[in-house]
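Visitor: Okay, predicted coordinates and the sequence, questions at the end:
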Amino acid sequence: MKLLIDTQSFIWFVENDKQLPLKIKNELEDHNNTIIISIASLWEMAIKMSLGKLNLSCDIEKMIDKLYQNGFEILPILPEHINELPRRKRTEYQETSRTKQVRRKRRGIKPKND
């Protein structure tokens, strides 16, 4: 079975964190499964580590080594994937922007004038 693993699950797995459900851990350890992680997850970890927002037991290079040691594959991001991104209707975008403005005002943060 092919399984796409998210960033947090990957971190919990390689860090041997007890928060990872046993069922998922077993699926990730099953060599009959193909485990895939997006390059975006690795990018996300590298950025957060460089900003000091993510502390792991090793650096990003070692995390990538662990990925390969466990037989995981990396899902690349290719230019054609951009066309697969969901398209939002303009009205949905405007509503999301409006909601953010209301939340900012409630917290006492004024939106910037662009």
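Guide: Yes, it's here. What you see is a predicted model, and the numbers here were worked out from it, not measured in a lab. Numbering: from 1, shown residues only.
Visitor: now this structure, which segments are flagged as low pLDDT?
Guide: Applying pLDDT under 70 to the chain flags residues 85-114.
Visitor: the helices in it, which residues?
Guide: 7-14, 22-29, 39-50, 60-69, 90-106 (DSSP state H).
Visitor: If you count neighbours, what's buried in the third one?
Guide: Spelled out, it's helix 39-50. 41-42, 45-46, 49 (16 or more other C-beta atoms under 10 Å). Every residue, glycine included, has its C-beta placed from N, CA and C.
Visitor: Test my guess that residue 3 contacts residue 34.
Guide: Yes - taking contacts as C-beta atoms under 8 Å, residue 3 lies within contact range of residue 34: 7.0 Å.
Visitor: These two: who's more crowded?
Guide: The neighbour count for residue 3 versus residue 34, taken as other C-beta atoms under 10 Å, is higher for residue 3 (15 against 12).
Visitor: Return the set of residues that bridge with the more buried one.
Guide: The residues listed as beta-bridge partners of residue 3 by DSSP bridges are residue 35.
Visitor: please begin residue numbering at 16 from this point
Guide: Right, with 16 as the first residue, what we last looked at is residue 18.
Visitor: Next, the contact list for it, please.
Guide: 42-43, 48-51 (C-beta atoms under 8 Å, 6 or more residues apart in numbering).
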